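**Q** my questions concern the predicted model and sequence given below.
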Amino acid sequence: MIEIKELTKRYEDGVLALDHVSYTIQPGEIFCLLGANGAGKTTTVNILLDFIQPTEGQASINGHDCTKFPLEAKKYVSYVSENVQLYGMFTARQNLRFFAELGGKKKLTNQILDDAMRSVGLPEKALTMRLKHFSKGMRQKLGIAIALIKDPPAIIMDEPTSGLDPKSAKEFLDQLDKLREQGKAILMTTHDIFRAKMIADRVGIMKQGRLVAMRERANFKHADLEEIYMQEMQADSA
């Protein structure tokens, strides 16, 4: 569903942000991409969303090249960013309706919109509250609701648990479980090793633009994923 083939990005200043990275995320799979700032995680996301162009290689969603056919590729994916950009003077419901209609979901009832927001843990009082009064965690939940209401086969999330309190993060992981059961292919970049261990089917570890390790759930479910991460990073540096 999400396919990365020999993806490479060298910026104009000579920095090699991605170095021939390859992996595939299948329907019903949650793939967590770990790495420090500058490892290449966000560059990968930006190429998948056609925000930037790769130097070499290919990124595709549902068989559509994200660079050559970006509009087709975007039909099959939703995106949740670390800092969700929404309209402060709109209510939560108005924001959700606006972005749903941009995604082709017309004439949704208030009940459908409100149920989508409840499903990600927004409290009842927030459904008609203006976004300027939302906390970062509440904005993040609404961003997730916006991604879900499009009902795409693939979802890309860039640091989605940033700003979430423990209760909200638990609700978020429960939502991810449901999406996996629905057959969604999910790419999630994160620094949150603890939650990656809880939810991921596979974990990829990046350093300086390279994918230095890939681990299946069976390899980290009963292990210390932080220790695995540090060992891989140190081994790569040796």
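**A** Nice, thanks for sending it over.
**Q** C-alpha from now on. contacts and neighbour counts both.
**A** OK.
**Q** could you list everything the residue nearest to the spatial centre of the chain pairs with in the sheet?
**A** For the chain, residue 157 is the residue whose C-alpha lies nearest the centre (Cα atoms, centre = their mean; 1.1 Å). Bridge pairing for residue 157 (DSSP bridges) gives the partners residue 80, residue 188.
**Q** now it: how far from residue 147?
**A** 9 Å (Cα to Cα, to the nearest Å).
**Q** ok, residue 227 next?
**A** 33 Å.
**Q** okay, the two: which has more neighbours?
**A** residue 147 (23 against 11; other Cα atoms under 10 Å).
**Q** and the pLDDT for that one?
**A** Looking at residue 147, its pLDDT stands at 87.
**Q** that one against residue 76, yeah?
**A** No - applying Cα atoms under 8 Å as the test, residue 147 and residue 76 come out as separate, 11.2 Å apart.
**Q** what's the weakest-modelled helix or strand in this structure?
**A** Within the chain, no helix or strand scores below helix 225-237, which has a mean of 75 by mean pLDDT, DSSP states H and E.
**Q** ok, residues contacting that one?
**A** 193-194, 197, 205, 207, 212-213, 220 (Cα atoms under 8 Å, 6 or more residues apart in numbering).
**Q** where do the strands sit along this protein?
**A** Per DSSP state E, the chain carries strands over the ranges 2-10, 16-25, 29-34, 56-61, 64-65, 77-80, 154-158, 185-190, 202-207, 210-216.
**Q** ok now the shortest one, how far from the chain's centre?
**A** Looking back up the chat, that one is strand 64-65. Remark: strand 64-65 is offset 18 Å from the chain centroid, using Cα atoms, centre = their mean, to the nearest Å.
**Q** residues in contact with that strand?
**A** Against strand 64-65 from outside (Cα under 8 Å, 6+ apart): 58-59, 70, 72-73.
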